[in-house]
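> requesting a structural model of the entry that follows:
(one chain, ligands or ions: 2)
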Amino acid sequence: MKKSLLICLGVGTTMLTGCSGSKAKRVRTDAKRPNVILLLADDVGYGDLSPYGEPTINTPQVERLAEAGLRFTDAHAVAATSTPSRYSLLTGHYSWRRNDTGVAAGNAGMIIRPEQQTVADLFRQQGYVTGAVGKWHLGLADKTGMQDWNGHITPGPTDIGFDYSYIMAATGDRVPCVWVENGRVVGLDPSDSIFVSYRTPFAGEPLGRTNPELLTKLHPSPNHGHDQAIVNGISRIGYMKGGRGALWEDENIADSITHHAVRFIEEHADEPFFLYLGTNDIHVPRYPHPRFVGKSGMGPRGDAILQFDYTVGAVLDALERRGIAENTLVILTSDNGPVVDDGYADQAVELLGNHRPWGDLRGGKYSNFEAGTRVPLIVSWPRRIKPGVSHALVSHIDLFASMASLLGITADEGAAPDSRDALPALMGNDEEGRDYIVEKAGSISIYDGEWKYIAPSNGYAYNSLTNTELGNARQAQLYHIATDLGEQHNVAAEHPEVVERMVNLLKAEL
Ligand code: NG6
Ligand code: CA
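Ligands and ions are numbered 1, 2, ... in the order given. Next up is the predicted model:
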């Protein structure tokens, strides 16, 4: 069990009066509230960024951020895939409490309802300018298939707290392969309407499975799927036609995202802003810009990591250029753990060499084991945070309450029910962090920084397509993470009292 520390925190120009007891009163001035950038990588594993110690990869810009900030070793996403992970991150509500937060299709309806308060709402309510740039994957419009791709796509990010948005609807491997800026497809020629379906192909449109000769950039891996609509020489999941002038070029995706993020920073450098920046890197299809190709020696997956690093550097440069680096809180993390072959024949497996995307952890993306959800987290705010390393147990679920605490406000009633104020841990003033966290991949698990219990389930133990140990088992699993980080020894039978305690904690949460 962990003890929360009572910390006196001065934030920006917030002044605490009588900071000797629990009833400190906050008096806020607006002048120096920090800008906040939430920089969310996609599928970047615990071992994929060089500050996390693998000698096989070099990410100097992430190192630059880590040197200026606090690097967490025990930080967790709520889920081992994107949609549920992002849902929890933005809402402070455990995605496993809902049954509709699985990996969203490109035409999924909006998963966060407009009436639900999000992290972005908190900032907007406090007068910040808020922006979402990059990967979205939280659905758009009221219901599945209801998007007006040729008109105004609504509801969308604007309805859940973002003043500005420049997003891809879902993932790089899902149609529609277009940018949506403030609810409208960018560069759409009205005479070439976009049609999207996740059910039936459009007559006359080539598909990866029927026209492999048109796959000029990447081929799908056998049996994964990704053999439907062909866009830019890469086949995807889902069917689309039209919108030819609006289609993205995969090699330019990182530059588009970086450009719009940097522009947002530049345009709002003189007022407090919150930027949610979701990179497409290093999700599949990995097809980095030519200037990164061949640079990692690991093929497109490694090159995409270098491209991610470039985005980080461009953001940090923009902050410095505008003289706002000191008072900007940058939170860099990943939505879920790493996967090597996630559906395209990009030689990620063949060229991996000695690189360990998962570091010392077991499993990967999709897994109940640690590599599924334990993710890199670096938090930097030069004005307030002392650089270093923190072993505090922290979870994405607490971003909401922590940002509310940063702003000195409370959430709307009923909002973010699972989120707790972890600001002291994020600021480096609490080395313990959360008592425990609940996570869901195939099964549900609970982890208290020492022990991890994975509930029994009927799910597959192994995904042979992605080569991932999923961590599902018919019997209860208990790992003493404190001495068995690699989850090699299931000690449930030896420690029934711990199992019972964890089961009871879990029951109380469900
Ligand atoms: C899976 C896809 C995978 C990836 C993932 C979502 C198959 C076989 N695999 O279903 O390629 O798109 O969904 O990844 O379809 S995530 O990081 O956005 O959650
Ligand atoms: Ca992901």
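> for the nearest residue to Pro51 once chain neighbours are set aside, phi and psi?
Excluding the flanking residues, the one nearest Pro51 by C-beta to C-beta, 6 or more residues apart in numbering is Ala66, at 3.9 Å. (Each C-beta comes from the backbone N, C-alpha and C, glycine too.) Phi and psi for Ala66, reported as degrees, to the nearest 10, are phi -70, psi -40.
> number of residues surrounding Ala66?
23 (other C-beta atoms under 10 Å).
> which residues touch it?
51, 378, 380, 387 (C-beta atoms under 8 Å, 6 or more residues apart in numbering).
> count the neighbours of the residue of the chain found nearest ligand 2 for me.
Proximity to ligand 2, evaluated over the chain using C-beta to the ion, is greatest for Ser82 at 3.7 Å. Neighbour count for Ser82, taken as other C-beta under 10 Å: 26.
> go ahead and confirm it touches Asp335.
Yes: Ser82 is within contact range of Asp335, at 4.8 Å (criterion: C-beta atoms under 8 Å).
> what sits in contact with each of those two?
Asp42.
> distance of the closest residue to Ala411 other than its chain neighbours from His152?
With C-beta to C-beta, 6+ apart as the criterion, Ala411 has its nearest non-adjacent residue at 5.4 Å, and that residue is Ala404. In this view, Ala404 and His152 are 31 Å apart by C-beta to C-beta, to the nearest Å.
> tell me which of those two has more neighbours.
Ala404 (25 against 11).
> what's the first helix or strand after the helix or strand where that one lies?
Ala404 is located in helix 399-407, with elements delineated by DSSP states H and E. Counting by DSSP H and E, the next helix or strand C-terminal to helix 399-407 is helix 423-426.
> may I have the distance across stretch 46-54, first residue to last?
Terminal residues of stretch 46-54 lie 9 Å apart, using C-alpha to C-alpha, to the nearest Å.
> nearest residue to Ala269 other than its sequence neighbours?
Nearest residue to Ala269, sequence neighbours excluded (C-beta to C-beta, 6+ apart): Arg322, at 3.8 Å.
> could you count how many residues lie near the one you found?
Residues lying near Arg322 (other C-beta under 10 Å) number 16.
> now do the same contact list for it.
Listed by C-beta under 8 Å, 6+ apart, the contact set of Arg322 reads 265-266, 269.
> how far away is it from Asn35?
Applying C-beta to C-beta to Arg322 and Asn35 gives a distance of 10 Å.
> overlap in contacts of these two?
With C-beta under 8 Å, 6+ apart as the test, Arg322 and Asn35 both reach Ile265.
> A helix includes Asp309, no?
Yes: per DSSP: H, G, I helix; E, B strand; the rest coil, Asp309 lies within a helix segment.
> and it, how many neighbours?
For Asp309, the count of nearby residues is 24 (other C-beta under 10 Å).
> isn't it right up against Arg64?
No: using C-beta under 8 Å, Asp309 makes no contact with Arg64, being 9.4 Å away.
> check contacts around the residue nearest to Ala411.
122, 410-411, 416, 421.
> who does Ser235 form a beta bridge with?
Counting by DSSP bridges, Ser235 is bridged to Ile230.
> swap that for Thr130, please
Counting by DSSP bridges, Thr130 forms beta bridges with Phe274.
> backbone phi and psi for the residue of the chain closest to ligand 2, please?
Residue torsions, per degrees, to the nearest 10, at Ser82 are phi -70, psi -60.
> pull the contacting residues for it.
42, 103, 135, 137, 171, 283, 335-336.
> against Tyr46, how distant is it?
Separation of Ser82 from Tyr46 (C-beta to C-beta) stands at 17 Å.
> again with Leu275
Here Leu275 is placed at a distance of 24 Å from Tyr46 (C-beta to C-beta).
> Asp317 now?
Noted for Asp317: a distance of 26 Å to Tyr46, by C-beta to C-beta.
> and those two? Which one has more around it.
Set Asp317 next to Tyr46 and count neighbours by other C-beta under 10 Å: Tyr46 wins out with 26 against 15.
> contact partners for the more buried one?
Tyr46 neighbours (C-beta under 8 Å, 6+ apart): 52, 337-338, 357-359, 361, 370-371, 374-376.
> just the helices in the stretch 151-300 of the chain please.
All helices of the stretch 151-300 of the chain, identified by DSSP state H, counting those that start in this stretch, fall at 253-267, 300-321.
> mean pLDDT and distance to ligand 1 added to those helices, as a markdown table?
Output for those, formatted as a markdown table (pLDDT from 0 to 100; distance: least, C-beta to the nearest ligand atom, whole Å):
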| stretch | mean pLDDT | distance to ligand 1 |
| --- | --- | --- |
| helix 253-267 | 98 | 14 |
| helix 300-321 | 98 | 13 |
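> most neighbours per residue, which of these?
The highest average neighbour count among the helices of the stretch 151-300 of the chain, using mean count of other C-beta atoms under 10 Å, belongs to helix 300-321 at a mean of 23.
> quick one: it to helix 253-267, angle?
10 degrees (axes from the mean of the first three to the mean of the last three C-alpha atoms, to 10 degrees).
> adjacent strands (with direction) for whichever helix or strand comes after helix 300-321?
Next along the chain after helix 300-321, taking DSSP H and E as the criterion, comes strand 328-334. Applying DSSP bridges, strand 328-334 is found paired with strand 35-41 (parallel), strand 374-380 (antiparallel).
> the helix or strand that comes right after strand 328-334 near ligand 2 at all?
For strand 328-334, the following helix or strand on the C-terminal side (DSSP H and E) is helix 370-373. No: contact of helix 370-373 with ligand 2 (C-beta under 5 Å from the ion) is absent, the minimum separation being 10.7 Å.
> so Leu122, which of the three states?
Per three-state DSSP, Leu122 ends up helix.
> doesn't Thr410 make contact with it?
No: if you go by C-beta under 8 Å, Leu122 and Thr410 don't touch, sitting 9.8 Å apart.
> which one of those two has more residues nearby?
Leu122 (28 against 11).
> can you tell me which residues contact that one?
161, 400, 403-404, 407, 409, 411.
> give me the pLDDT for it.
The model reports Leu122 with a pLDDT of 98.
> name the residues of this protein found near ligand 1, please.
42-43, 81-82, 103, 137, 171, 173, 224-225, 237, 283-284, 336, 342-343 (C-beta under 6 Å from any ligand atom).
> let's go with 8 Å and repeat that
For the chain, the residues in contact with ligand 1 (C-beta under 8 Å from any ligand atom) are 42-43, 81-83, 85, 103, 135, 137, 170-171, 173-174, 224-226, 237, 283-284, 335-336, 339, 342-343, 365, 465-466.
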